[in-house]
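[1] Got a predicted structure here, sequence first:
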Amino acid sequence: MADVESRTITRLLIANRGEIARRIIRTAREMGIGTVAVYADADAEAPFVREADTAIALEGETAADTYLRVDKVLEACRRTGADAVHPGYGFLSENAEFARAVETAGIAWIGPPPEAIAAMGDKLSAKQLMQVADVPTLPAEALAPGADLAAAAERIGYPLLIKASAGGGGRGMRVVNAAGELQEAVDGARREAGSAFGDDTIFMERWLPACRHVEIQILGDRHGGLVHCFERECSIQRRHQKVIEEAPSPVVSESLRARMGAAAVAAGKAIGYASAGTVEFLVDGDEFWFLEVNTRLQVEHPVTEEITGLDLVREQLRIAEGETLGYGQNDLHIDGHAIEARLYAEDPANDFLPSPGTVLFWTPSTSATARFDSGVESGTEVGTAFDPMLAKVIVHAPTRREAVLRLARVLETTRVQGLTTNRDFLVATLRTSEFLAGDTTTDFIERVNPAPRRDVSGTELHHAAIAVLLEAQARRRAGAKVLGTIPSGWRNSVMPPQSVSFRIAGEELPVSYAADRDGAFSVNIGDAVYLARPRRMGAGLVEADVDGQRVMARVDRQADAWFVHTASGDLSLEELPRFRLPGADGFKGGLTAPMPGRILVTHVTVGAVVEKGQLLLVLEAMKMEHRITAPVAGTVTAIHAADGDQVANGELLIVLEEVL
Amino acid sequence: MAVLQTSLDIRTEAFRQNRSDMLEALDVLDDLQQQAAEGGGPEAMARLASRNKMPIRERVARALDPDTPFLEISSIAAWRSPFAVGSGFVLGIGVISGIECVILGHDPSVRAGAFNAFNSKKLMRGLEIARENRLPYVQFVESAGADLRGQGGDEDPEAAIQREEGHFAESGRLFYEITELSKLRIPTVSLVFGASTAGGAYQPGMSDYNIFIRNQSKVFLGGPPLVKMATGEDADEESLGGADMHCSVSGLGDYLAEDEMDGIRILREVMSHLNWQKLGPGPSLPVDEPLHDPEDLLGMVSKDLKQPFDMREVIARIVDGSRFEEFKPLYGPTLVCGWASVHGFPVGILGNNGALFSESSEKAAQFIQLCNQINVPLLFLHNITGYIVGTDFEQGGITKNGSKMINAVANSTVPHITVIVGASYGAGNYGMSGRAFGTRFTFIWPTAKIAVMGPKQMAGVMSIVGRAAAARRGIEFDEKADAERAAIAEHWAEERSKGLFATSRVSDDGMIDPRDTRIAVAMALSACHSGEVKGTKEFGTWRM
């Protein structure tokens, strides 16, 4: 290690996307380093592309065609003269071949040596390596095709976990509670591992249903310096993926921290680690077991940065330039408590399935100090090709309780509208007494079951409707071509009030209102009567005194939907049209894709006579099958999609002529 | 431009009294408007609703662009008559699909939309407003025909016939005027909500666009009984004049609506294709609220019209920023003249500060000519007991000079708006562009009075004339009988001079809350700007 080459990075290519690309660009800029983004077709309008000094199109739709293409990324380096590559997390970040290719091209690799990546890439051999280094591990067994599963399971003991050896991110994982489930789980995991990682090697491991996931951040330079930056607790997981992470862990004692830290450093030394990495453990009481080493920057690295004051991307870049850490273990201290929540476009009420769409309105909360590592802005489309994470929201406070409560409030007052997110669920989780008490185990979500959606009170809903009608009428008055300066809805006789109907959560909300002589509006919503005195409106910000209570709301319109953001959170109201087109409710003949996806199989041909309810085609979207059936009996007159076609939301698929 | 200052003291007893009198008069107005809105009453309304039909105000409200203003005309017509307050008819100016238009229609809840003298007058007034101001004309048609009450009944038939002043031969002008609008390139649209039969069939017949509603519209010259009598045919209403038939067979209907809301939707679509352009220049000056509180207008005028007030105080609470450039302030001071703007529309204002003298009449004539020269509409604010009388004044040429003013007013071609703030008596009413002088819109304040002369003066004049006649014939004058006669005459003259009576006879465009004056005037001006705003240099011969 004596002959570590010292180099100066001038132009950094980020082989990643979304929030992590932006986050890396931010530090690179601080360090005076130029930046290059690469992007898939769907990301052409993404903020990270614009924020980089320059960007290269990878020309493709899927990850396999873009961010996972070693040749394309290397070509982008060559074209832009990039002298360093940061892989972020996921994609090529733990691909030793890629790391090697980068280094071979004379480009600095921002990560550990390729050998370390390779050593840790295979989970099973990594475990064996750790056993040699005296790091405790859970009993595990490789599952070669044709192995005696039942016997292996007996040795491990139930419940157990089937895992992909090359895996990560929860894919290829199956929990098995009893022998009866074993075969199916093994087959499923093998299939998933094969398709996700191109390697269907799987293994079996003891499963601790109610333990904690605690990981140690390590940081090593190329001169043999290696420290740990304490732990992160990441026990709150759904679908084996983390959603809330914090540092330090509420249950790790000073002595446990020292033992785990030492184990992590030993693990790092065992594989000659340099750069930032993470050693994952399961913790139960005072015991811990090695899980795996992540040879890259973790999604949840910001909580470590907050409590240590380090910028881990900066450290990675410095290390790659050949610098020494410049500090030792004793120089690092924990300052307060940091917590991070991952905001996803996903539906907690529907098994956390991704819910793609457009982020129509994105405004990070300014209610209190928080760090937003976000990949989106207003107008960003969240597709199905990539991970639907929108942002990480991080709070750093003197105590855990303060950090948790502040994070909940910051999330609640962040404006994120246009698609379904897990925000309400995150807020509910953070505010449970169990979470506040630090009772966070990996089975937390099943055990505590936080509400997937917040409750909206009648008053909040009514105030939102009032804000919308004030804004709407102000906009209409401002846009009037004649009599625009006459007060809203002025009357010199007794006329029926103005009326508008909204729909929220399937319920209709009829509202009527009339302006008073002094500019106040009397508003009727159902049986409730309000007097709203507007102070500000018409420019998207409504301020009004409603029966003496100040109501403040951001109000925006997109097509027929009104998006309202208040201190209580986000709400959207659909404005029902004043007039209904005759036949608008009826069937028009065209069947369109209900969401973006891929045509799996078409069951009919042109000319087919179909019954009402008959299956016409199957669309695969978000890893789920959606059946398109005939809404009426009729004849298929046109088919606009072939099997395997990628279709956009609303795209015409089949034309059906109704038989009357 | 100069900003009007105020010297109004709102803490005086007089102000407080005036205000409370005005609020009382406004309460009466509110009550009457509430009555008008109740139409034929709760039962009739419920019956309508049970047939999925809307009362006229609901129909109008649904047709208007949301949040746009609506200026109802003669909302309490037919008060103190055998007919419902409001006359079972709504007339107003509103905005449909961005276009200011005249909207009118019978209220189906009031005697099935029957015609009477009052709502006929309102309908004709609606046509006049459309024609004079070049406003598209929208009529909601549903009428059972003539309301036969007030045309005999239990009355002695001979007495009834003697009382009749009109004749069928004079009727039907409304159809003439609908087609005249069309000729003037003012679009006319009929939305037929119900029966439109016999002569009424020509209401849609003469319109540019007809929207019929399935199973509701019925348009035919003769109904089944008349057809049976005339030709012996047994006919049903749907084949005679149903909406389906007219839209698919006769071609009288242009659009077939599924229901009332659908008809209103189609109306809005028709309006939006009219490619309508107003011809006036529109508002061109800054719009800002008056500096002085319009609320003060409530205490400005005394019920006792002898109590004077400065019309500038009214102007200061009506015009943009209370800005007023006064013309000839030192000459003919009983008439205030000057330029201002209301909601951005430039306007020349003439307001009374006393009787009209030769100087003030000549000043008016000059001012009116100047406004015509520069195409600026005129706003007349009445508080006028008349032209000054007396030997000196007659010899000084008051009739001659008053005639100059009337010549100027009569022949002026810029739009005139008239607001009767206080008194409006005799020839003063003419000189100040009263209803008969081609003024485009006339509004009246609740405590105002309008008559040929003051009730007391009239009773006094009659008494003097009677006394002189008695003297001529050499008979004794019965003082007691004269006093009784005078008291009765004064009482009824007083009743007839009340603003409420004037407005209920559709002799103006409606009684307004003084605080709404600025808005009513602005809406009237905006309506005027729908047509060309153009003055003239041509007047009658000036008597010099």
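    Done, it's in.

[2] Every contact and neighbour count from this point should use C-alpha atoms.
    OK.

[3] Give the buried residues for stretch B:88-98.
    Applying a neighbour-count criterion of 16 or more other CA atoms under 10 Å in any protein chain shown, one finds B:Gly88, B:Phe89, B:Val90, B:Leu91, B:Gly92, B:Ile93, B:Gly94, B:Val95, B:Ile96, B:Ser97, B:Gly98 buried in stretch B:88-98.

[4] Restricted to strands, list those.
    Among those, the residues falling in strands (DSSP state E) are B:Phe89, B:Val90, B:Leu91, B:Gly92, B:Ile93, B:Gly94, B:Val95, B:Ile96.

[5] Go through those and name the one nearest chain A.
    Set against chain A, the nearest of these by CA to the nearest CA is B:Val95 (8.1 Å).

[6] which residues does that closest one bridge with?
    B:Val95 has these beta-bridge partners by DSSP bridges: B:Glu100.

[7] same check, this time on A:Thr629
    When assigned by DSSP bridges, A:Thr629 has beta-bridge partners A:Leu615.

[8] per-residue confidence at it?
    Reading off the confidence values, A:Thr629 has pLDDT 84.

[9] quick one: contacts for it?
    Residues near A:Thr629 by CA atoms under 8 Å, 6 or more residues apart in numbering or on different chains: A:Lys612, A:Gly613, A:Gln614, A:Leu615, A:Leu616, A:Leu617.

[10] Against chain B, how distant is it?
    Computed as CA to the nearest CA, to the nearest Å, the A:Thr629 to chain B distance reads 31 Å.

[11] For the stretch 451-600 of chain A, list the residues in contact with chain B, please.
    A:473, A:476-477, A:480-483, A:485-498, A:579-582 (CA under 8 Å from any CA of the partner chain).

[12] before we move on, the earlier item: turn the contacts of A:Thr629 into a markdown table, including distance to B:Asp392.
    Below are the contacts of A:Thr629 laid out as a markdown table (distance: CA to CA, whole Å):
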| residue | distance to B:Asp392 |
| --- | --- |
| A:Lys612 | 98 |
| A:Gly613 | 99 |
| A:Gln614 | 102 |
| A:Leu615 | 103 |
| A:Leu616 | 101 |
| A:Leu617 | 102 |
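
[13] Run through the bridge partners of the residue nearest the centre of chain A.
    In chain A, the residue lying closest to the centroid (CA atoms, centre = their mean) is A:Met389, at 1.8 Å. Per DSSP bridges, the residues bridged to A:Met389 are A:Tyr344.

[14] and it, what is it in contact with?
    Going by CA under 8 Å, 6+ apart, A:Met389 touches A:Arg342, A:Leu343, A:Tyr344, A:Ala345, A:Gly375.

[15] run the last query once more with 10 Å
    For A:Met389, the contact set (CA atoms under 10 Å, 6 or more residues apart in numbering or on different chains) comprises A:18-19, A:342-346, A:354, A:374-376, A:382, A:421-422.

[16] can you check A:Val38 too?
    Contacts of A:Val38 (CA under 10 Å, 6+ apart): A:13-17, A:21, A:44, A:48-49, A:52, A:54-59, A:66-67, A:72-73, A:76-77.

[17] quick one on the thing from earlier: could the buried residues of stretch B:88-98 go into TSV alongside pLDDT?
    Converted to TSV, the buried residues of stretch B:88-98 look like this (pLDDT from 0 to 100):
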residue	pLDDT
B:Gly88	95
B:Phe89	97
B:Val90	98
B:Leu91	98
B:Gly92	98
B:Ile93	98
B:Gly94	98
B:Val95	98
B:Ile96	98
B:Ser97	98
B:Gly98	98
